[in-house]
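A.B. asks: How does the following fold in three dimensions:
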Amino acid sequence: MKKLILILIPVILLMLAFSHSDKHRISGIITNEKDQPLQGVTVKAKGARASIVSDQNGFYSIEVGDKNGKLIFACVGYSTQEVGINNRSVINIKLVPASIALQEVVPTSNGIRREAGELGYSSNMLAGKASGLKTTMRSSMYSTDLEFNTENYDHIQENGFHKVSDDPLSTFSIDVDAASYSNVRRFLNDGQLPPAGAVRIEEMINYFKYNYPQPGSQHPFSITTEMSDCPWNNKNKLVMIGLQGKNIPVDDLPASNLVFLIDVSGSMFEENKLPLVQSSLKLLTDQLREQDRISIVVYAGNAGLVLPATSGSDKIKIKSAIDALEAGGSTAGGAGIKLAYDIAKRNFLKNGNNRVILCTDGDFNVGASSDDELVSLIEKERESHVYLTVLGYGMGNYKDNKMQQLADKGNGNHAYIDGINEAKKVLVNEFGGTLFTIAKDVKLQVEFNPAKVAGYRLIGYENRMLNKEDFNDDKKDAGELGSGHTVTALYEIIPAGVKSAFLKDVDPLKYQDHKKEATANFNDEWLTIKSRYKDPLKDSSELIVHPVVDKGVAFEATSDNFRFSAAVAGFGMLLRESEFKGSSSYKQVLHTATDALGNDTEGYRKEFIALVNKAAGISKNKSGDVGITEDR
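C.D. replies: Numbering: from 1, shown residues only. Below you'll find the predicted structure:
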């Protein structure tokens, strides 16, 4: 045995020596034209996927497989350079400023051709220099798996309690988006608690289907209400408002004119971005009919038409165009949006469903890219009666706040696709609701009876609040409701006579009458819900009125709809560390949700319970900064 080991040792050492010789390390300093060190320059071997980034001193160090190959140096604002290695171990490089250094996407008969340099990442991914963004590296600069985190979320100032005597009306737009829930799921599955700005409680609640009755023939949706004790504050009441959109069979849906607008910039290179976009859109393609028309527009350094309007029956042609897409370049989102709307208007169906489906991480950095510029562009284009669906992908540079604004202003909806199962949910299982609008500009206004209610708080919907005057203003934009969609809203109510630290007094007003009494005829009513909506092809609204009384139902005896939505709201408040969470706990949320699973055929509610357990475990050992920024 000893003789065998002695024989093998030289062989192993020889193999290790040859193995080591396959790798060649190169180091150097990167400077600008003024000989100042450049931080954030991406360095990679030509033909390789792994890359590193230079540090604050401009220093880099990288291992390559071919000592006679080439290195590529790329940085936003500078011309990309290719340098031969020529068996060197030290390569210092000076980058030259460029007036514009973008890749262009050129549609050809064989798919997509990329021109200019091989690298074309966004400014945020490369250097983290954009205002208000925070860049972190979770591994050393020598790693071949560096991660950059420039995700952005708007700060949410939670809705507080309002005194009915001062403010008896609550007005808001509906929200059918569910992007927040799938994004929160992504964080929890990665072992992190989400930033507070990523937790929009109304979107978490509305991720789930609720068993509300179908509407009658008069209106496109029904309104269901339920009232009971509040599970996190037993002195208060909780009111649930549920809207159920009319289910229209797929065969009866109007013909569609869809434009896939696909971000193929460098930041979309990762597996959970463009490759997932391609898989998602192929799932959607399988749902299309002969009368549907599909166009594909892509954008990176500029925008181009890849597939002109094509019948939904020609699935091979559509999928071939999707498969031909490759990522690379900067991100001219504004140009892409404009071209997509132009294509949609060119193929407009008068009585059909006209929609742009934007697939992106939201990291626009070329042309019209600021929030104000993009919102103005979208607001102008929505006048063409072309709707917008925004599908968000990826992590690390995901711009949630920008995606929200585009969907809100574009008469559209927003979903975050964290995997193929979510793509199937949004684009297959909820095909009609995602793509076919049955009512637009849907608003709710709730009037509270001061004889019954001292104060109220709408849970979530912070970015959907409207002025009371907006309710009767048909020019005011609001949310859209799709075929089969459900929308749920919860109000926490402080009953009249209950003392609460959340209701603050002010000095009596000198010129006001404080002796107003509630109308006696309505003493049984706690509140009245009014809703306005428009037919998708009309500009005048219809009105629905729905009063609410307390039937004295105990919380345990309420519907699965009521209890499960309350559990999700409690979970959201815990994740946000809300000042209004009261006695909420992960244990309470789990107990309530487990007893309200209902007919969970697709397993989404069971998955929710698993996520609550994960959050409970993570919260016990809270990690430090995860490198996410929240605009304040």
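
A.B. asks: low pLDDT regions in the stretch 201-350 of the chain?
C.D. replies: Segments of the stretch 201-350 of the chain classed as low confidence (criterion: pLDDT under 70) are 301-302, 329-333.

A.B. asks: which residues of it fall in strands?
C.D. replies: 221-230, 233-245, 256-263, 293-299, 303-311 (DSSP state E, counting those that start in this stretch).

A.B. asks: Of all those, which one comes closest to Ser559?
C.D. replies: In terms of Cβ to Cβ, the element of the strands of the stretch 201-350 of the chain nearest to Ser559 is strand 221-230, at 6.2 Å. Placement of C-beta: from N, CA and C, glycine included.

A.B. asks: Going by neighbour count, list what's buried in the closest one.
C.D. replies: With burial defined by 16 or more other Cβ atoms under 10 Å, the residues of strand 221-230 counted as buried are Phe221, Ser222, Ile223, Thr224, Thr225, Glu226, Met227, Ser228, Asp229, Cys230.

A.B. asks: Give me the sheet partners of that strand and which way each runs.
C.D. replies: Using DSSP bridges, the neighbouring strands of strand 221-230 in the sheet come out as strand 233-245 (antiparallel).

A.B. asks: Could you give me the buried positions within the strand it pairs with?
C.D. replies: Using 16+ other Cβ under 10 Å as the burial criterion, the residues of strand 233-245 that qualify are Asn233, Asn236, Lys237, Leu238, Val239, Met240, Ile241, Gly242, Leu243, Gln244, Gly245.

A.B. asks: coming back round to it: out of the buried residues of strand 221-230, which one sits closest to Asp154?
C.D. replies: Using Cβ to Cβ, these come closest to Asp154 at Cys230, 27.4 Å.

A.B. asks: Test my guess that that closest one contacts Asn236.
C.D. replies: Yes - here Cys230 reaches Asn236: they are 4.1 Å apart, a contact under Cβ atoms under 8 Å.

A.B. asks: who touches both of those two?
C.D. replies: Glu492, Ile493 (Cβ atoms under 8 Å, 6 or more residues apart in numbering).

A.B. asks: Can you tell me what sits against stretch 585-599?
C.D. replies: With contacts defined as Cβ under 8 Å, 6+ apart, stretch 585-599 is touched by 211, 231-232, 560-564, 566-568, 570-571, 574, 605-606, 608-609, 612-613, 615-616, 619.

A.B. asks: mean confidence for stretch 57-68?
C.D. replies: Mean pLDDT, computed over stretch 57-68, is 87.

A.B. asks: Redo the buried residues of strand 233-245 as a markdown table? Include distance to Asp292.
C.D. replies: Compiled in a markdown table, the buried residues of strand 233-245 are given as follows (distance: Cβ to Cβ, whole Å):
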| residue | distance to Asp292 |
| --- | --- |
| Asn233 | 49 |
| Asn236 | 49 |
| Lys237 | 47 |
| Leu238 | 42 |
| Val239 | 41 |
| Met240 | 36 |
| Ile241 | 34 |
| Gly242 | 31 |
| Leu243 | 27 |
| Gln244 | 26 |
| Gly245 | 21 |
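
A.B. asks: Which helix or strand in this protein has the lowest average pLDDT?
C.D. replies: Among the helical and strand segments of the chain, the one scoring lowest on mean pLDDT, DSSP states H and E is helix 123-127, with a mean of 31.

A.B. asks: shouldn't Ile294 be in contact with Thr285?
C.D. replies: Yes - counting by Cβ under 8 Å, Ile294 does reach Thr285; the two are 7.3 Å apart.

A.B. asks: Surely Ile85 and Glu63 touch.
C.D. replies: No - with contact taken as Cβ under 8 Å, Ile85 and Glu63 are classed as non-touching, separated by 11.6 Å.

A.B. asks: And those two? Which one has more around it.
C.D. replies: Ile85 (18 against 14; other Cβ atoms under 10 Å).

A.B. asks: quick one, helices of the stretch 401-550 of the chain?
C.D. replies: 420-424, 431-435 (DSSP state H, counting those that start in this stretch).

A.B. asks: Could I have the buried ones of the contacts of stretch 585-599 as PyMOL selection syntax?
C.D. replies: Burial among the contacts of stretch 585-599 is assessed by 16+ other Cβ under 10 Å; the matching PyMOL selection reads:
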select buried, resi 231+232+560+561+562+563+564+566+567+568+570+571+574+605+608+609+612+615+616
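
A.B. asks: Filter the contacts of stretch 585-599 down to the ones in helices?
C.D. replies: Among the contacts of stretch 585-599, the members falling in helices (DSSP state H) are 560-564, 566-568, 570-571, 574, 605-606, 608-609, 612-613, 615-616, 619.

A.B. asks: before we move on, the earlier item: in the buried residues of strand 221-230, find the pair that's most separated.
C.D. replies: Using Cβ to Cβ, these span at most 27.6 Å, a distance reached by Phe221 and Asp229.

A.B. asks: residues contacting Asp175?
C.D. replies: Contacts of Asp175 were listed using Cβ under 8 Å, 6+ apart, and they are Glu202, Glu203, Asn206, Tyr461, Arg464, Gly479, Val487.

A.B. asks: top of those residues by neighbour count?
C.D. replies: The member of the contacts of Asp175 surrounded by the most neighbours (other Cβ under 10 Å) is Glu202, with 28 neighbours in all.

A.B. asks: and that one, what does it touch?
C.D. replies: Asp175, Ile459, Gly460, Tyr461, Arg464, Ala489.

A.B. asks: ok, so of those, who is nearest Ala327?
C.D. replies: Using Cβ to Cβ, the shortest approach to Ala327 within the contacts of Glu202 belongs to Asp175, at 31.0 Å.

A.B. asks: Reduced to three states, what does the closest residue to Arg200 other than its chain neighbours come out as?
C.D. replies: Setting aside the residues directly before and after it, Arg200 is nearest to Ser180 in space (Cβ to Cβ, 6 or more residues apart in numbering), at 4.0 Å. Classification of Ser180 into helix, strand or coil gives helix, according to DSSP: H, G, I helix; E, B strand; the rest coil.

A.B. asks: ok, so what distance separates Ser180 from Asp400?
C.D. replies: Ser180 sits 8 Å away from Asp400, taking Cβ to Cβ, to the nearest Å as the criterion.

A.B. asks: What of Val506?
C.D. replies: Applying Cβ to Cβ to Val506 and Asp400 gives a distance of 37 Å.

A.B. asks: quick one, which of those two is more surrounded?
C.D. replies: Here Val506 and Asp400 are set side by side on neighbour count (other Cβ under 10 Å), and the busier one is Asp400, at 25 against 7.

A.B. asks: excluding its backbone neighbours, what's nearest that one?
C.D. replies: Here the nearest residue to Asp400 in space, its sequence neighbours aside, is Tyr153; by Cβ to Cβ, 6+ apart that works out to 5.1 Å.

A.B. asks: Starting from Pro220, give me the distance back to that neighbour.
C.D. replies: Taking Cβ to Cβ as the criterion, Tyr153 is separated from Pro220 by 33 Å.

A.B. asks: what do you get for Val43?
C.D. replies: With the distance defined as Cβ to Cβ, Val43 ends up 56 Å from Pro220.

A.B. asks: These two: which has the busier surroundings?
C.D. replies: For Val43 against Pro220, the residue with the higher neighbour count under other Cβ under 10 Å is Val43, and the figures read 25 against 21.
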